[in-house]
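K.L.:
only geometry, no sequence info:
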């Protein structure tokens, strides 16, 4: 069904279907584009790119060899939609933007809404930014420069400075007439803002409310009770969280003086939510947030080295613990065979608890109100599974090595390590969060250290005591 | 700054600020609500809940003891916004809904948009659903029953059946007059759909386009070029992906015959995107997707057991490999001390690669077009870091045990395990994806098996050969 839909709605590049049934760009189209770039055939390229959505242009661009991408854009001229660049990952985008001629960039950025323009410009260094800004019309320049003045990842960077605002004393009729007569309106908008003479935001009127209301009614009388408003310096993640919680579609952005400076729409917020979840997921897997598929071997090797290096310390610490029991291992090699099982179960259980804790902290579901209950719940679950695996692993050890005592030792240490894993898995993220660190980034190595050290120490320590006493 | 904003926009419960500076519900408010529930003081409760947004009502509800929640809702009557139930996690919601009286549920569901009503009803079993549906007005009943007939997690379940559709021959003026005169309009809408007499969708007119256009223009002449349309049976994740890629705010939902049956808005999609990222993240951490903070100890212990049980097999397999080299370990206990380091570095490197692969597959960034390049890049990065850690760990081993040969052995096995980790980390998710399995759920144990087995086998095997030969 979906395949049918996909085909039916399929974008076409000069009559060729753009994508195969998996949604990937078809090799035939990619090759046609690559050949046209090779030959410098601008006419053919314009035919291939005409009528494609920015997102499709972006995917087609990304399917090419990186070296061909800037050349393609130069050849396409105004047939290339610069909004396509905002869909690329940062590495790919930066490489293209740096290779483009300033004139091409200026022409392209000029056609964009301010939020998309800022998205492209913010990757450039200050000097290149200024060079492009200088060649833009004064109004655009001022708006973009103001957005770029707000901190990175703030609402001010994500907002669009094109919006419709009317004075409070206007009527519905005047507003509709104004919309019908004005040429320079934003490409798409969802509400009319009502402002006072100093541009202080008095409220907003959703378009459906405007349409349901009779012409003589004053705008100020139909503004919404609910305020959808954020400050330009607010962090984009906090803004995204508010959109998500309160189901907003757009929000006014005001400066510190309460003046309306822009509007944020939910499509930008969707990207932020996706990015944020992506960062948590990568962080838990030991991958830096900025790593992207376009990165080079050298870059990713360096970027991942630091995490592996940190883990090496954890591993060496665990080995030091093992080293303390060398004598006992020499006497009973079965301990060396079984000890990784204890540490591994602890590590996995700790990761489970940590995953739940990190995600609950990120989505604000875990706070002071319920922390106590969740800690107790995790420890109790650790105890239950500890007992379950004590029985299972005890039986396995007895069957394998024929030593009932060894079964008792591994069972007892299994209970200990699973309780330690539960405690470490929840308390470490909570503590890091309290200290203001991002628990997704830093919890992993601490939790593994706890489970490894406790696992090896409990198993080898109990074994040493037990077999010395018995 | 944000704190200031939060305070400024703070919701109030009967004059008391609802949240503290962290955004948590204040204990004072929670206690006031709990006391009023205890005393059955409906008047006080209605004052506390009046004017609160559904999301705030939901958080306040969640801060109470689970046993008090249904009683609170019964006491509140129509002061409780049933949309608040859609913000709860499934476990908490189901428990409340099952405890409510049918009459309360019928009254509450009746006030909701159809998408929210379906969200609450779909958790109930068929019998309870029918009991409630039977007591709803005929029009609502038909619409809800139709939505519930679509598969779980489909667009048909998430759509709202309230929308505005007009015939193609209507003019802008007629449409606006219709909107001004009709009482029964959806609470919020973003476009007018244009349909033919058989309710086939001809296109949509965004509200801002309607407002910019003069009264005599025909609606059919201003429909958008871009079609925002999904099929009711499409999976919600595919729908969410299309919203995200093409920056949609809403989309028409049509049935198999092409008839307009509903509309999906981006706020529902935001929840789906969040859920999806959540599922991937939990799956990678070995936690089932449906686990929630409200779940009981017993439930989470059982739910996590299966993953730990699977991992136990992996760990035992690794131990079997170690067991093959018992003799060599007995002769040289240093091997037992160092072997977990090799396996641990392999496991972490494998997890890094797997995280990148799983996420790239989920977001459709990794496909046939670039799989080859990404595999080669991962292997090359594994080789580079393998060499780096070979040098580091070789030096550590020599310094620790004073055996240069041991340094060589651990260095060589470090290179092998990091290459195996890279191959396993990327090829296993790719293979699972090809086979139609979810790589986020199943890759972990396979990757760990590869890195553990290769790690122990390489280190102990090379050691055995080397020291036998030397």
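P.N.:
Thanks, I have it. Bear in mind the structure is a predicted one, so any value in this text is a computation, not a measurement.

K.L.:
now the stretch 301-450 of chain A against chain B: closest residue?
P.N.:
The minimum distance from the stretch 301-450 of chain A to chain B, using C-beta to the nearest C-beta, falls at residue A:355 (2.7 Å). In this view, the C-beta of every residue, glycine as well, is placed from N, C-alpha and C.

K.L.:
check which helix or strand covers that residue.
P.N.:
Per DSSP states H and E: residue A:355 is located in helix A:334-362.

K.L.:
OK, contacts around the closest residue to residue A:18 other than its chain neighbours?
P.N.:
Excluding the flanking residues, the one nearest residue A:18 by C-beta to C-beta, 6 or more residues apart in numbering or on different chains is residue A:11, at 4.5 Å. By C-beta atoms under 8 Å, 6 or more residues apart in numbering or on different chains, the residues touching residue A:11 are A:17-19, A:51-53, A:56.

K.L.:
angle of the helix or strand containing residue A:315 against helix B:334-362?
P.N.:
In this assignment (DSSP H and E), residue A:315 forms part of helix A:297-323. For helix A:297-323 against helix B:334-362, the angle by axes from the mean of the first three to the mean of the last three C-alpha atoms, to 10 degrees is 140 degrees.

K.L.:
what residues sit buried inside helix A:297-323?
P.N.:
A:297, A:299-304, A:307-308, A:310-312, A:314-316, A:318-319, A:321-323 (16 or more other C-beta atoms under 10 Å in any protein chain shown).

K.L.:
how far off centre is that helix?
P.N.:
25 Å (C-alpha atoms, centre = their mean, to the nearest Å).

K.L.:
what helices or strands is it leaning on?
P.N.:
Here helix A:297-323 touches helix A:439-469, helix B:334-362, helix B:368-401, going by 3 or more C-beta pairs under 8 Å, 6 or more residues apart in numbering or on different chains; DSSP states H and E.

K.L.:
next SSE after the last one?
P.N.:
Pointing back at helix B:368-401 there. Per DSSP H and E, the first helix or strand lying C-terminal to helix B:368-401 is helix B:404-434.

K.L.:
report the angle between the helix holding residue A:355 and helix A:439-469.
P.N.:
Using the same axes, to 10 degrees: helix A:334-362 against helix A:439-469 is 150 degrees.

K.L.:
now helix A:334-362: mean pLDDT?
P.N.:
Rounded to a whole number, the mean pLDDT of helix A:334-362 is 93.

K.L.:
do the same with stretch A:172-181
P.N.:
Stretch A:172-181 comes out at a mean pLDDT of 95.

K.L.:
out of the contacts of residue A:11, flag the one nearest to chain B.
P.N.:
residue A:53 (6.2 Å).

K.L.:
per-residue confidence for the closest one?
P.N.:
89.

K.L.:
ok, now the one 4 residues further on?
P.N.:
The per-residue pLDDT reported for residue A:57 equals 92.

K.L.:
how about stretch A:139-159 against chain B, any contact?
P.N.:
No: interface with chain B: stretch A:139-159 contributes nothing (C-beta under 8 Å from any C-beta of the partner chain), its closest point being 10.0 Å away.

K.L.:
which of the residues in that stretch are classified as buried?
P.N.:
Buried residues in stretch A:139-159 (16+ other C-beta under 10 Å): A:140, A:143-144, A:146-148, A:150, A:153-159.

K.L.:
quick one: end-to-end distance for that stretch.
P.N.:
16 Å (C-alpha to C-alpha, to the nearest Å).

K.L.:
same deal with stretch A:96-116?
P.N.:
Stretch A:96-116: ends 16 Å apart by C-alpha to C-alpha.

K.L.:
can it be found next to chain B?
P.N.:
No: contact of stretch A:96-116 with chain B (C-beta under 8 Å from any C-beta) is absent, the minimum separation being 10.2 Å.

K.L.:
what's the mean pLDDT across that stretch?
P.N.:
90.

K.L.:
helix, strand or coil for the spatially most central residue of chain A?
P.N.:
Centre of chain A computed as the mean C-alpha position; nearest residue by C-alpha atoms, centre = their mean is residue A:275, 1.4 Å away. For residue A:275, the assignment made with DSSP: H, G, I helix; E, B strand; the rest coil gives helix.

K.L.:
gap between it and chain B?
P.N.:
Distance, residue A:275 to chain B, using C-beta to the nearest C-beta, to the nearest Å: 10 Å.

K.L.:
what do you get for residue A:248?
P.N.:
8 Å.

K.L.:
what kind of secondary structure is that residue in?
P.N.:
coil.

K.L.:
and it, how many neighbours does it have?
P.N.:
21 (other C-beta atoms under 10 Å in any protein chain shown).

K.L.:
residue contacts, it?
P.N.:
A:228, A:242, A:266, B:267 are the contacts of residue A:248 under C-beta under 8 Å, 6+ apart.

K.L.:
neighbour-wise, give me the winner out of these.
P.N.:
residue A:266 (26 neighbours).

K.L.:
what's the pLDDT at that one?
P.N.:
88.

K.L.:
separation between it and residue A:189?
P.N.:
Remark: distance between residue A:266 and residue A:189 (C-beta to C-beta, to the nearest Å) = 13 Å.

K.L.:
same check, this time on residue A:350
P.N.:
For residue A:350, the distance to residue A:189 - C-beta to C-beta - is 49 Å.

K.L.:
okay, those two: which has more neighbours?
P.N.:
residue A:350 (32 against 22).
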